[in-house]
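[1] When you get a sec, could you give me coordinates for this:
(one chain, ligands or ions: 1)
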Amino acid sequence: MPGGKKTIHSIAELHAAGLVSTAELTALKEVAARYAVAITPALAALIDPTDPNDPIARQFVPDPAELVTSPTERADPIGDDAHSPVEGIVHRYPDRVLLKLVHVCPVYCRFCFRRAMVGPRGRPSLTRDQLAAALAYVRTHPEIWEVILTGGDPLILSARKLREVLCALADIDHVRIVRIHTRVPAVAPERITAERIRALKAIDRAVFVVLHANHPRELTAAARSACARLIDAGIPMLSQSVLLKGVNDDADTLGALMRAFVEMRIKPYYLHHPDLAQGTAHLRTGIAEGQALMRDLRARFSGLCQPAYVLDIPGGAGKVPVGASYVAPSRADGGASDYRVDDLEGCPHRYPPGEP
Ligand code: SF4
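    Coordinates of the predicted model:
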């Protein structure tokens, strides 16, 4: 297994680590010129270079297929920019905003929905003035109950900066919840230091940490220990995963991932249908396949292991649940108003209308 001490940032380093073949070098250099590359030592150590279908490699090692952009793919697939009143803020839903402090990550996912914005050549981090303007926007919108730190990965920030931003948010009375979307506890668990945990605990608000992980192998002993440090400190954790072809698009893998989260005391929250990001078609599944997987998951695994399967409508119209439905109006008796409800084996049952 490869695994040096430094993050891999270039195709040459990937080649030296035995993670890409000589035949692919030219195409991969072109990929790396378009989309950022980073693989932390913790992740590189997980990749089996002898397995051409390794699920960790599929998520992080560039693929020549990324050079193909299909007509339905977009640079800003979920329409962040259409809902950005000031730099760094995305206000898509009434009671919450995204606050994008940075556009860098410890790793760069090959399916990233913000791949046109993140990375060393991506958008810059918020300046002090831009941050002040973003906070002013939150302050002057009393309907904002929750602020979601995302980007980029907010836990790449120093403990000092994190504490400064959290304290500024806690100074705003109507902000009651701060949510942090991150891959750090799994891909760079050494960053979950006592100092960063103290920063997350510095405010009298509920701070949720939402871990992004897509395959059970990402949840190593070090990752589990980093999450346990957060949870033991009183920080609740949720998960989010992206449904990815060849990574987790089978019920055994998805179920194992959800069980691992629950065993770590992390409640599965979202399973995202992959967004129409440029050069990612080779990693996407269809919605029907996703719904069938969710049916399997529901039939075979505990209710604690059920994330909401969601789709961000391209262009920015928002996130909606797209999981399988078990209930539909039934017209079998000629009447207008009773329901057909399918059980977990797919057998139909009737439920009367208007009954409590
Ligand atoms: S961690 Fe998130 S923002 Fe960063 S590359 Fe991965 S998907 Fe994109």
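
[2] just checking, Tyr309 is part of a strand?
    Yes - counting by DSSP: H, G, I helix; E, B strand; the rest coil, Tyr309 is part of a strand.

[3] What is the three-state secondary structure of the nearest residue to it once chain neighbours are set aside?
    In space, Tyr309 comes closest to Gly323 once its chain neighbours are excluded; the distance is 4.1 Å by Cβ to Cβ, 6 or more residues apart in numbering. For the C-beta atoms, the positions are set from N, CA and C on the backbone; glycine is no exception. Classification of Gly323 into helix, strand or coil gives coil, according to three-state DSSP.

[4] For Gly323, give its distance to Tyr339.
    When Cβ to Cβ, to the nearest Å is the yardstick, Gly323 and Tyr339 sit 18 Å from each other.

[5] hang on, the earlier thing: contact partners for the residue nearest to Tyr309?
    Residues in contact with Gly323 (Cβ atoms under 8 Å, 6 or more residues apart in numbering) are 291, 294, 308-309.

[6] Show me which pair in those residues is furthest apart.
    Longest distance between any two of these is 12.6 Å, between Gln291 and Ala308; criterion Cβ to Cβ.

[7] Enumerate every residue touching Gly354.
    When the contact criterion is Cβ under 8 Å, 6+ apart, the partners of Gly354 are Ser337.

[8] count of residues packed around the closest residue to Ala36 other than its chain neighbours?
    Here the nearest residue to Ala36 in space, its sequence neighbours aside, is Gly119; by Cβ to Cβ, 6+ apart that works out to 2.7 Å. Per other Cβ atoms under 10 Å, the neighbour tally for Gly119 reads 22.

[9] How about Leu135?
    For Leu135, the tally of surrounding residues (other Cβ under 10 Å) stands at 21.

[10] isn't there a strand covering it?
    No - when three-state DSSP is applied, Leu135 is found to be helix, with no strand at that position.

[11] The residue nearest to Ala36 contacts His103, correct?
    Yes - counting by Cβ atoms under 8 Å, Gly119 sits close enough to His103 to count as a contact (7.2 Å).

[12] Look up how far Glu30 lies from Ile177.
    Spatial separation of Ile177 from Glu30 under the definition Cβ to Cβ is 42 Å.

[13] Now stretch 79-90: buried residues?
    Residues of stretch 79-90 classed as buried by neighbour count (16 or more other Cβ atoms under 10 Å): 79-80, 83-84, 87-90.

[14] What would it look like as CSV? C-alpha coordinates only.
    Output of stretch 79-90 as CSV, limited to C-alpha atoms (Å, rounded to 0.1, in the frame of the first residue of the first chain):
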residue,chain,number,x,y,z
GLY,A,79,-26.6,27.0,-8.5
ASP,A,80,-24.7,28.5,-5.6
ASP,A,81,-23.9,31.7,-7.5
ALA,A,82,-27.6,32.2,-8.3
HIS,A,83,-28.3,32.5,-4.6
SER,A,84,-25.3,34.4,-3.4
PRO,A,85,-26.3,37.9,-2.2
VAL,A,86,-22.7,38.7,-1.0
GLU,A,87,-19.4,36.9,-1.5
GLY,A,88,-19.2,33.8,0.7
ILE,A,89,-23.0,33.5,1.4
VAL,A,90,-25.5,31.2,-0.3
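
[15] how about the contacts of Gly323 in a markdown table, adding distance to the ligand and pLDDT?
    Written out in a markdown table, the entries for these read as follows (distance: Cβ to the nearest ligand atom, whole Å; pLDDT from 0 to 100):
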| residue | distance to the ligand | pLDDT |
| --- | --- | --- |
| Gln291 | 23 | 98 |
| Met294 | 21 | 98 |
| Ala308 | 18 | 98 |
| Tyr309 | 18 | 98 |
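
[16] ok, and the most crowded of those?
    Note: the member of these with the most neighbours is Met294, at 22 neighbours, neighbours being other Cβ under 10 Å.

[17] Now do the contacts for the closest residue to Asp342 other than its chain neighbours.
    The shortest distance from Asp342 to any residue that is not its chain neighbour, by Cβ to Cβ, 6+ apart, is 4.9 Å, and that residue is Tyr326. When contacts are counted by Cβ under 8 Å, 6+ apart, Tyr326 touches 341-343.

[18] and what of Leu243?
    When contacts are counted by Cβ under 8 Å, 6+ apart, Leu243 is found next to 249, 254, 271-274, 285, 290, 293, 309.

[19] What of Ile231?
    When contacts are counted by Cβ under 8 Å, 6+ apart, Ile231 is found next to 237, 264-266.

[20] go on, His141?
    If you count contacts by Cβ under 8 Å, 6+ apart, His141 has them with 91, 97.

[21] And the residue nearest to Leu200 when sequence neighbours are not counted, what's its pLDDT?
    Take Leu200 and drop its neighbours on the chain: the residue closest to it by Cβ to Cβ, 6+ apart is Val207, 5.2 Å away. You'll see Val207 listed with a pLDDT of 98.

[22] again, but for Asp338
    In the predicted model, Asp338 carries a pLDDT score of 88.

[23] Who are the contact partners of it?
    With the criterion set at Cβ under 8 Å, 6+ apart, Asp338 makes contact with 329-330, 350-353.

[24] Pull the most distant pair out of those residues.
    When the contacts of Asp338 are compared pair by pair using Cβ to Cβ, the farthest-apart members prove to be Pro329 and Pro352, with a separation of 12.2 Å.
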